[in-house]
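Undergrad: just the structure for this:
(one chain, ligands or ions: 1)
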Amino acid sequence: MSTAIDLTGKVAIVTGAGSGLGKGIALCLAKAGANVAIADVNVKDAQKTAKEIMALGRKSFAIKTDVTKENEVFAMVDEVVRKLGKLDIMCPNAGTCCAGPIDQLSAENWDKMMQINLYGHFYCVKAALKYMKPQKSGKIVMTASQAGRVAVPLLAGYSASKFAVTALTKAVAQEVAADNIQVNCIGPGIIRTKIWDKILGDLVKAGLGEADALYKSFLDSIPSGREQTPEDIGNAVTFLASNLASEITGDILIINGGQFNCP
Ligand SMILES: NC(=O)c1ccc[n+]([C@@H]2O[C@H](COP(=O)([O-])OP(=O)(O)OC[C@H]3O[C@@H](n4cnc5c(N)ncnc54)[C@H](O)[C@@H]3O)[C@@H](O)[C@H]2O)c1
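TA: Residues are numbered from 1 along each chain as shown. As a prediction, this is how the structure comes out:
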């Protein structure tokens, strides 16, 4: 067996791939040969990602999808299978974060994180299994976080949602292992995407400091000395989506330059 990663002919879906890590994941999968459908609530951004993927010579298209709506997620997956013929790789990734002290976190913001980060992943898993179980193959790679492995203060609701994604990964992996479906998640560290503008904005609003200084304090605890890039994250997902990872299932792959000495 070749040790090169080759996803030629595979069909993948990445949610939240209009920007940030999702876009990085989608581009890495496409560079490895996959055709990649781009699902995002922001369809304009999704179309831009799809265009970049088509420029690489792969098939791609954008689908407006709100991952908090089960019917929209199922319709999106049905459309991908109709247009691209099958589904090999599902990457639920869309997410959000509301930061700040727990006693200032509204139930509405708590619910928003659970809806997008957890229910969004749950619906994607169900919709993917509709096709992966009968075909007896598939790779599901969810986006958790290093905050799904170590609990991070001021991110209590976010951490809770990401620990839940890690648990979802581990449970489903055991349920579908005999169907030749591998289920893993990734634990990205710190990548300066739009989610960080939101986190820093929330922390500033809570009176906890100034945005640049707060961000620097997070970066200062990364032993490798740098923040991660969407490509660092996309490479990890591409490995987990490949046959090189065929006996890895139910695990979380942390990509964080050694931060928090994550267990
Ligand atoms: N950036 C980081 O440092 C970091 C670290 C660990 C984990 N993550 C996780 O990575 C994932 C992507 O985050 P990001 O940093 O790229 O942030 P981002 O804000 O750049 O991207 C999030 C994407 O999700 C989309 N989205 C939001 N709500 C949606 C919904 N209901 N339905 C469909 N799409 C929706 C947005 O339109 C956007 O394109 C999230 O799950 C996040 O928790 C990010």
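Undergrad: what does the stretch 1-150 of the chain put close to the ligand?
TA: Listed as neighbours of the ligand in the stretch 1-150 of the chain under the rule C-beta under 6 Å from any ligand atom: 15-16, 18-22, 40-42, 45, 65-68, 93-96, 116, 143, 145. For every residue, glycine as well, the C-beta is placed using N, CA and C.
Undergrad: out of these, which are buried?
TA: The neighbour-count test (16 or more other C-beta atoms under 10 Å) marks 15-16, 18-22, 40-41, 45, 65-68, 93-96, 116, 143, 145 as buried among those.
Undergrad: report pLDDT for M1.
TA: Turning to M1, the model gives it a pLDDT of 64.
Undergrad: quick one: is the longest helix belonging to the chain near the ligand?
TA: Across the chain, the longest stretch assigned as helix under DSSP state H is helix 156-176. No - Helix 156-176 stays clear of the ligand (C-beta under 6 Å from any ligand atom), getting no nearer than 6.8 Å.
Undergrad: what residues sit buried inside that helix?
TA: 156-166, 168-170, 172-173, 176.
Undergrad: filter the residues of the stretch 1-150 of the chain next to the ligand down to the ones in strands?
TA: Among those, the ones falling in strands (DSSP state E) are 15, 40, 143.
Undergrad: all strands for the stretch 101-250 of the chain, in order.
TA: Along the stretch 101-250 of the chain, the stretches classed as strands by DSSP state E, counting those that start in this stretch are 138-143, 181-188.
Undergrad: how about the ones you listed in TSV, adding mean pLDDT?
TA: Listed next are these as TSV, based on pLDDT from 0 to 100:
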stretch	mean pLDDT
strand 138-143	98
strand 181-188	98
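Undergrad: can you pull the pLDDT of the residue in the stretch 51-200 of the chain positioned nearest to the ligand?
TA: For the stretch 51-200 of the chain and the ligand, the shortest gap (C-beta to the nearest ligand atom) falls at G95, measuring 2.2 Å. The model reports G95 with a pLDDT of 98.
Undergrad: what does I116 give?
TA: With respect to pLDDT, I116 scores 98.
Undergrad: same thing with A171?
TA: Here the pLDDT value assigned to A171 is 98.
Undergrad: what's the local residue count around Y123?
TA: Counted with other C-beta atoms under 10 Å, the neighbours of Y123 add up to 23.
Undergrad: okay, which residue of this structure is out on the far edge from center?
TA: Residue farthest from the centre of the chain, counting by C-alpha atoms, centre = their mean, is G207 at 30.0 Å.
Undergrad: can you give me the pLDDT of it?
TA: 96.
Undergrad: same question for L203.
TA: What the model reports for L203 is a pLDDT of 97.
Undergrad: pretty sure it is touching L154, no?
TA: Yes - counting by C-beta atoms under 8 Å, L203 does reach L154; the two are 6.6 Å apart.
Undergrad: gap between the nearest residue to A245 once chain neighbours are set aside and T3?
TA: Beyond its immediate neighbours in the sequence, the residue positioned closest to A245 (C-beta to C-beta, 6 or more residues apart in numbering) is F239, lying 5.8 Å away. Distance check for F239 against T3: by C-beta to C-beta, to the nearest Å, it reads 11 Å.
Undergrad: for A50, same thing?
TA: 30 Å.
Undergrad: quick one, which of these two is more surrounded?
TA: Neighbour count, other C-beta under 10 Å: between A50 and T3, A50 has more, with 25 against 5.
Undergrad: quick check, the more buried one in a helix?
TA: Yes - assessed by DSSP: H, G, I helix; E, B strand; the rest coil, A50 belongs to a helix.
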